[in-house]
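> I need the structure of the sequence given here:
(one chain, ligands or ions: 2)
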Amino acid sequence: MMPESHSSIELPVFDISQPISPSCLSSLSLACNEWGFFHIINHGVSKDVYRKLYSLSTHIFSLPYESKIKLGPSSSVRTYTPHFIASPFFESLRVSGPDFFASAQSSTGILLDHPNPDEFSETVKEYGIEMSELSRRIVRAVLMSMGGDFARKFYESDFNNCHGYLRINSYSPPEISTVEGKEVEGLGMHTDMSCVTIVCQDEIGGLQVRSREGKWMDINPREDTLVVNIGDLMHAWSNGKLRSSEHRVVLKRNVHRFSLAFFWCFEDEKVIFAPDEVVGEGSTRIYSPFVCREYLKFRESSEKGKFDKVGFTVKDFAGNLKR
Ligand SMILES: O=C(O)CCC(=O)C(=O)O
Ligand SMILES: [Fe+2]
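Ligands and ions are numbered 1, 2, ... in the order given. This is a model prediction of the structure:
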């Protein structure tokens, strides 16, 4: 059987180093409503930091399972997700902000055989700080795209206490690229539990977004470009105006894939409730108010292997219009 064929989607590209012009705001608004995905350039993250992070992480992933699993689901630190949780071909390392250095050190401290723990932690810290700053800029731009003074009105009150964490993802190549004509998923269909996510995918590709009609569309890698997507938290806060799209990663035969996903989230105790002005007169709230932490718990416990994968979204948790 032939593998499914996919169309690719040309997402708009925004220069995040510049103030966003009115015409860019309307195309940003369109991208957030239609796809929940867009690209950014001139993000200020140097190739050097990326390369260092790639090589230092690759070293960690190459350590024996017995070492890595000490960081894993069974330890109190829980920074490592081994193979066979999200998929047989996926493993990841999590580093949490705001003190990215300390978080990375607590992992490398457990990996006693790590040759240069400080270099890894320093590099993660540099990347984490850059991504946090970028996330703030992106949230402001997205708010602006929703309405004239939304950024001024809601940034401070609702988004000022956001925090981020980084997931370093390593996808190992399966020996076959299709099973009965279906692609091999490195990461199954899911939505992100973030306000916004910033993804740095390597040149291999494989990231796909699901269209409203349910068709998988390739998001092709672009040099020096980061992928941004809206997550469930900002989707709910916007009363569904910003789309949190289902996406996944498919793998190619024998090609290793590496990605960095940075999740920018509301504080755990925040009650997520779309403001009246965001809902708009005459419209109803499509989500009941909910505490961020409770949603994260729901996602963890409703899935096999406690991983943010497959199936359940904020619609199932707090949606007023049940699916
Ligand atoms: O690896 C990628 O390109 C995307 C990863 C992703 O969607 C996630 O970690 O939530
Ligand atoms: Fe994701």
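
> On the three-state scheme, the residue in the stretch 1-150 of the chain that ligand 1 sits nearest to is what?
Here the stretch 1-150 of the chain gets closest to ligand 1 at one residue, S92, 7.2 Å apart by CB to the nearest ligand atom. (Each C-beta comes from the backbone N, C-alpha and C, glycine too.) Put simply, S92 is strand when judged by DSSP: H, G, I helix; E, B strand; the rest coil.

> And the pLDDT at it?
Listed pLDDT for S92 reads 95.

> likewise C200?
Per-residue pLDDT puts C200 at 97.

> Distance from the strand or helix carrying G109 to the middle of the chain?
Using DSSP states H and E, G109 maps to helix 100-110. Helix 100-110 sits 21 Å away from the centroid of its parent chain (CA atoms, centre = their mean, to the nearest Å).

> Which residues of the stretch 101-250 of the chain lie near ligand 1?
Counting by CB under 6 Å from any ligand atom, the positions of the stretch 101-250 of the chain adjacent to ligand 1 are R167, N169, L187, D192, V199, Q201, L207, H247, V249.

> in a helix, that's where the last one is, yeah?
Put plainly, it is V249. No: assigned with three-state DSSP, V249 falls outside any helix and is strand.

> In contact with it, which residues?
Contacts for V249 (CB atoms under 8 Å, 6 or more residues apart in numbering) come out as F90, Y171, E185, G186, L187, G206, L207, Q208, R257, S259.

> hmm, 6 Å instead?
Contacts for V249 (CB atoms under 6 Å, 6 or more residues apart in numbering) come out as G186, L187, G206, L207.

> How about the first one?
When contacts are counted by CB under 6 Å, 6+ apart, R167 touches S92, R94, A261.

> Likewise for the second one?
Applying CB under 6 Å, 6+ apart, one finds that N169 lies in contact with S92, S259.

> The stretch 51-200 of the chain: helices as residue ranges?
Here the stretch 51-200 of the chain has its helices, by DSSP state H, counting those that start in this stretch, at 65-68, 100-110, 117-146, 150-154.

> Cool, thanks, talk later.
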